[in-house]
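Student: Just need the structure, nothing else, for what follows:
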Amino acid sequence: NGKYRMKITFVYPDFSNLGVQYLMGVCLREGHDTNLVHYPAEDIFINRKSDDLRYRALAERILATNPDLVGFSCVTDNYLYQLDCAKALKALATDVPVIFGGIHVTAVPEIVLKESVVDAIGIGEAEVSFTEFLKACDNDGKFIWPDRPIDGMVFKKGDQLIGEFREGALP
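Tutor: Alright, predicted model coming up:
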């Protein structure tokens, strides 16, 4: 495998997320391109949901970044927003790999991976496992699903699940 510069778009609603920012930094350090698509979904301080959340337009914003893969980080409060966003994305581009991570995914990985629009999940701290996963996805400059398990990642390849539902390696 060569050194492929993958284009990764991260998606996160509402407030800044240090975990997403840290993961973006790790990916940049490894030579990948990163983008962040941020959207307002809910103001938790006044308990008000966005009245005009348009998932198709959001999916179009994500696709405009021309991603090789899209990462959604989730806490329990934003999981359904992120899932609806992924559904809109897959309705427009079924071939774009969708990866979910974050504390919600780590808590209930089997439930998240049952969703048809979720192709892969990251469990636990992802700065090691995600970069290893990206290396394994490089096939001479083209994204492929790896044949081997990557600690901290579980993904669908055809009708197979590759990986284990346990917390990944910590740095």
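
Student: Please give me every residue in contact with the residue nearest the centre of the chain.
Tutor: In the chain, the residue lying closest to the centroid (Cα atoms, centre = their mean) is Gly71, at 1.9 Å. Counting by Cβ atoms under 8 Å, 6 or more residues apart in numbering, Gly71 touches 8-11, 20, 23, 99-101, 122, 130. Bear in mind the C-beta positions are built from the backbone N, C-alpha and C, glycine included.

Student: From those, which land in strands?
Tutor: 8-11, 99-101, 122 (DSSP state E).

Student: residue boundaries of the helices in this structure?
Tutor: Listed in chain order, the helices of the chain (DSSP state H) span 18-29, 55-63, 79-92, 103-107, 109-113, 126-136.

Student: which helices and strands sit right next to the longest one?
Tutor: In terms of contacts (3 or more Cβ pairs under 8 Å, 6 or more residues apart in numbering; DSSP states H and E), helix 79-92 is packed against strand 7-13, helix 55-63, strand 69-73, strand 98-101.

Student: let's go with 6 Å and repeat that
Tutor: Packing partners of helix 79-92 (3 or more Cβ pairs under 6 Å, 6 or more residues apart in numbering; DSSP states H and E): helix 55-63.
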